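1. Here's my sequence, what's the structure:
(3 chains)
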Amino acid sequence: MNADAPPTTRPDTDAPALRLQLVHAAYDRTPVLEGVTGSLLPGRSLALIGPNGAGKSTLIKAILGLVPLTGGSIEVLGHRPEVARSDVAYVPQADILDSTFPVSVLDVVLMGRYRAIGWLRRPRLADRQRARAALDAVGLADLAARRFGLLSGGQRQRVLLARAIAQQARLLLLDEPFNGVDATSTELILSILSRLRADGVAVVMSTHDLSIAHLACDDACLLNRRQVAFGSLDSALTPELLRETYGPSAVQLVAGSSIVTTD
Amino acid sequence: MSRLADAWHTGFFRRAMLEAVIVGLVAGAIGAHVLVRRLSFFVVAMSHATFPGVVIAAALGLGVSVGASAAGLVVVILVVVAGRRSDVAESTVTGVVLAGAFALGVVVQSARAGGARQLTAFLVGSILTVNNTDLVVTIVVGAAALAIVVALHKELVLSAFDRDGARAAGYRPLVLDLVAMVAVLMAMVVAIPAVGTLLAIALLVVPALTARTITDRFVVAMVLGAVLGAVCGGIGLAVSTMWRVAAGASVVLVSGAGFVVALVVRALIDAVRRRAVVQSGELRSPVGSPA
Amino acid sequence: MFDIVLAPLRVAYMRRALAECVLLSMLGGMVGVHVVLRRLAFLTDAVQHAVLPGIAIAFVTGTSLLAGAALGALAAVVALVVLGWAHVDRDAAQAVIIATFVAVAVVIVSRRRGYQADLTALLFGRVLTVRRDELVQTAIVVVVSALVLAVTHKELVLLAFDRPSAIAFGYRVDVLDAVLYALVAASVVAAVRSVGTVLVVAFLVTPAATARVMIDRVGPMFVLAALLGTIASWIGLAVSYDASINHGMRLAAGATVVLLMTLVFVVVVATRSIVGRRRHVLVAAS
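-> I've put the predicted structure just below:
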């Protein structure tokens, strides 16, 4: 596929970027996800909220078509997950990556173009320009030649976001993107995400930080191995529903807004 | 069978049998620590690295065990020191040290023109030429190694499973690592005269692995590993005598066969268990999924 | 002094030995770098031991050593897969395979009288008696590896660096893994006849590991690793030749080369540790 070819799926602002219907998934006959239902329109952002082991990562993997479903269906950009992959970008936590690996910041961003470049061919000028533009969008253009592992946690997370931008994805899946990220990078990432949403990119992010959800997301999906709620932030992030997700003792009301404590 | 009966009457066979059983016991017990600390590659490297030590010791007229111990210690230090660098993985360093040490042994041995026979004895053991002194060394060193892991049992297990927790509790994980590696080295030094440097790894890993296939509990696995090691040592030697096959290799292959049997039995038990759970309808099938 | 350096070029068998070592150094530069990036040193060690029984059988029955080695590698892969299904820890599985395969080889070889000499030949190799047709075989492995890596290079680097994302991108990571393992196995099989079944790891891993400590970019690592291997081979062969001809000391050639490679690694690591790490600021080449 040529780097300049149009994306395989045409963005249609009426059609949902993501449609989940009664999604069930199991691992070794043990259910890990049940009854997940909802949709996400282009340009909107969905928070996946729930305790550890609630199925947030499983849902992300299912959206990528990497986990077989035992029931229900997932539609990504109007297609089956396996087909839509080239328009979906996965952004892992930067911490899991080897910080001694001999790759530069630009190398990492270029990795987002590999699928488009294809086997055998090397990245060309157009790819490098796109990668630099993506780095510029996250404010790290001057660090392009530095080794990836030498950057701070927040900077590395921004590089991974730039990789997703370079991929020109229409749907972004972020795994706990603000874990261990400093305040400056957090603000930058939030503004990048809202710019992307203004361009019609849909965003799914797993998080256990409710204040981030309020700042960055429009909708929320509460998970505890089964779907507890799916809807706009206000309708989903109520104390009762949060208690149902995290357990009754974990939620405390502080001056009217809920605070989750994990014991 | 008669060959076996005949052999039993000879002193050298009885000594070899005793050696095989003791070596199997010690290595089988300490193997539990090798597995839980994921030291398998390190042990392979150490067994190769003891080779130059053995060769040089022979050249200097010293005992095999002395050379093996010295070389092993050097390897332990090298791997721990170089492995703490962040840019090369510990396994990479281990590979480099393994080959380099073995090359050193080859070069020294070739310079000595020592003859292939002696070399082979270092590599695959010569349990049938074990004398009373060797036996005493085996018992003393083996007992010492076992004493170390028994005395420091809870600290070694804690630091193996939860390094940070051990540090928080006030232990020094690095020191405990060194202790574990030294105990493993001692077990290896005991095993080398019996099965040689190339095969010593087997006694340290295979009976312990078989034990882990049977049980999940560490202490039980240690004891079971010791028993299995001793049994495989004895049976291996008997097989070697009956069928005129290299002794060290026979012990290893008997251990391997035992492991395979345990794996197969375990797989069968697991399959039967899974069937029973599904049939009893214990697992709810998800709503909306096909039957 | 100059004489010693040029010695490997004078005699036909030395030229062939040098050619074989240079070819193996190129493999070390290509496949070895990926082995270091993916931390596959133990797997390489397992494969090099696993080919031993195959070679032993071929040796004893007088058939092609290459075929025997290839079968041994295949058997090891199958064993690894089966042990993986049984959920045996990969570390332990590799150790078990090493030990049992070596034991099988010992049993096979020990059935012959005077087996000790045969065993040492299998273990330590005989780079000085490498034949023309064996050189050609090694060259073929080098060319095939180069072709395969030309196609899959950037994907293999991505896989080594960020496996979850490679999976998310939709790459068939199991296929990519298999490709790399196959390259490792082929390299081991190619090298094992000349340097023996313990020193193969050195050719594949040591120069690449040295290059990794020296520089921080994957591209130059390939060239540097191949260069280090070639230089060590040249000097090692020259030294062992000189020792044998001029000083009456027989130094096994392959082992001498490996000793030199290891020495370079130790010196580089020691220098780095003492001097301290420079900040690896890359010069922008992209």
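2. how about the strands of the chain, start to end?
-> Since no chain was named, I'll use chain A. For chain A, the strands defined by DSSP state E occupy A:18-27, A:30-40, A:45-49, A:69-76, A:88-91, A:171-175, A:202-207, A:219-223, A:227-232, A:251-254, A:257-260.
3. Just give the number of residues close to the closest residue in space to B:Cys232 that isn't next to it in sequence.
-> Spatial nearest neighbour of B:Cys232, chain neighbours left out: B:Ser255 (4.2 Å); criterion: Cβ to Cβ, 6 or more residues apart in numbering or on different chains. In this view, the C-beta of every residue, glycine as well, is placed from N, C-alpha and C. By other Cβ atoms under 10 Å in any protein chain shown, 33 other residues sit near B:Ser255.
4. can you pull the contacts of B:Ser255?
-> By Cβ atoms under 8 Å, 6 or more residues apart in numbering or on different chains, the contact list for B:Ser255 reads B:Ala202, B:Leu203, B:Val206, B:Pro207, B:Thr210, B:Leu228, B:Gly229, B:Cys232, B:Gly236.
5. for B:Ala58, same thing?
-> By Cβ under 8 Å, 6+ apart, the residues touching B:Ala58 are B:Val64, B:Gly67, B:Gly114, B:Gln118, B:Phe122.
6. cool, and A:Ile60?
-> For A:Ile60, the contacting residues are A:Leu48, A:Tyr90, A:Leu173, A:Asp175, A:Val204, A:Ser206, by Cβ under 8 Å, 6+ apart.
7. List just the nearest of those residues to A:Ala17.
-> Nearest to A:Ala17 among the contacts of A:Ile60: A:Val204, at 9.0 Å, using Cβ to Cβ.
8. can you give me phi and psi for A:Gly55?
-> The phi/psi pair for A:Gly55 (degrees, to the nearest 10) reads phi 110, psi 10.
9. Only the buried residues of the host helix or strand of B:Val136, if you could.
-> Using DSSP states H and E, the element containing B:Val136 is helix B:132-151. Neighbour counts over helix B:132-151 (16 or more other Cβ atoms under 10 Å in any protein chain shown) mark B:Asp134, B:Leu135, B:Val137, B:Thr138, B:Val141, B:Gly142, B:Ala145, B:Leu146, B:Ile148, B:Val149 as buried.
10. same thing with stretch B:212-224?
-> Residues of stretch B:212-224 classed as buried by neighbour count (16+ other Cβ under 10 Å): B:Arg212, B:Thr213, B:Phe218, B:Ala221, B:Met222, B:Val223, B:Leu224.
11. So which of those residues would count as near chain C as well?
-> Taking Cβ under 8 Å from any Cβ of the partner chain as the test, chain C is in contact with B:Thr213 out of the buried residues of stretch B:212-224.
12. now, which of the buried residues of stretch B:212-224 lie within helices?
-> Among the buried residues of stretch B:212-224, the ones falling in helices (DSSP state H) are B:Arg212, B:Thr213, B:Phe218, B:Ala221, B:Met222, B:Val223, B:Leu224.
13. from those, which single one is nearest chain A?
-> The closest of those to chain A turns out to be B:Thr213 (Cβ to the nearest Cβ; 19.7 Å).
14. Distance check, the residue of the stretch 101-250 of chain B found nearest chain A against chain C.
-> Residue nearest to chain A within the stretch 101-250 of chain B: B:Asp164 (15.9 Å; Cβ to the nearest Cβ). To chain C, B:Asp164 is 21 Å away according to Cβ to the nearest Cβ, to the nearest Å.
15. per-residue pLDDT, that residue?
-> Here, the pLDDT recorded for B:Asp164 equals 76.
16. Work out for me the element it sits within.
-> helix B:163-168.
17. List the contacts of A:Gly53.
-> A:Arg225.
18. need the helices for the stretch 151-291 of chain B, in chain order.
-> Here the stretch 151-291 of chain B has its helices, by DSSP state H, counting those that start in this stretch, at B:153-161, B:163-168, B:173-214, B:218-243, B:247-279.
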